[in-house]
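Asker: I'll drop the sequence and a predicted model, then ask my questions.
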Amino acid sequence: QVQLVESGGGLVQAGGSLRLSCEVSGHTFSSYAVGWFRQAPGKEREFVARLSWSDPGILYADSVKGRFTISKDSAKNMVYLQMRNLKPEDTAVYYCAANIPPWKVANTSREYHYWGQGTQVTVSS
């Protein structure tokens, strides 16, 4: 079983920055993906970014490309989402997730098997 715990959410003004953290523990596979998703009130959960634990492949949603950066610290089993130039439309609960290989693209929620509890990000205008 894989456990994921997010932290780092909060309230920030538009144009500001936040860094989310995701601690991954439990049984993991060498080639799994870890992704960040978000869900705003009344909207479906949407893909934000993901990385592969075993290779350099990274993927971003168009809406965050150039503003958000996903990274990992393998020694600490941590995945980060650095968010810059935040906009009010970035307001959502942010979730990290891990999947079970094999996987192909891993940019949809149905491709993930384990989820954290989420952390709230609120961007004021």
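Answerer: On my side now, so go ahead.

Asker: strands of the protein, start to end?
Answerer: Taking DSSP state E, the strands of the chain run over residues 2-7, 10-13, 18-26, 33-39, 46-52, 58-60, 68-73, 78-83, 92-98, 114-115, 119-124.

Asker: what does the third one contact?
Answerer: Applying CB atoms under 8 Å, 6 or more residues apart in numbering, the external contacts of strand 18-26 come out as 1-10, 12, 34, 36, 76-83, 86, 94, 96, 98, 116, 119, 121. To be clear about C-beta, it is placed using only N, CA and C from the backbone, and glycine gets the same treatment.

Asker: so what's the nearest residue to residue 39 once chain neighbours are set aside up against?
Answerer: Excluding the flanking residues, the one nearest residue 39 by CB to CB, 6 or more residues apart in numbering is residue 45, at 4.3 Å. Each residue near residue 45 by CB under 8 Å, 6+ apart is listed here: 37, 38, 39, 95, 109.

Asker: if we go to 7 Å?
Answerer: Residue 45 makes contact with 37, 39, 109, according to CB atoms under 7 Å, 6 or more residues apart in numbering.

Asker: right, and the last one touches residue 36 too?
Answerer: Translated: residue 109. No. Taking contacts as CB atoms under 7 Å, residue 109 lies outside contact range of residue 36: 11.2 Å.

Asker: so if I had to pick from the two, which one is more boxed in?
Answerer: residue 36 (26 against 16; other CB atoms under 10 Å).

Asker: what residues are up against the more buried one?
Answerer: Residue 36 makes contact with 48, 49, 70, 81, 94, 96 under the criterion CB under 7 Å, 6+ apart.

Asker: surely the last one meets residue 5?
Answerer: This means residue 96. No. Using CB under 7 Å, residue 96 makes no contact with residue 5, being 8.4 Å away.
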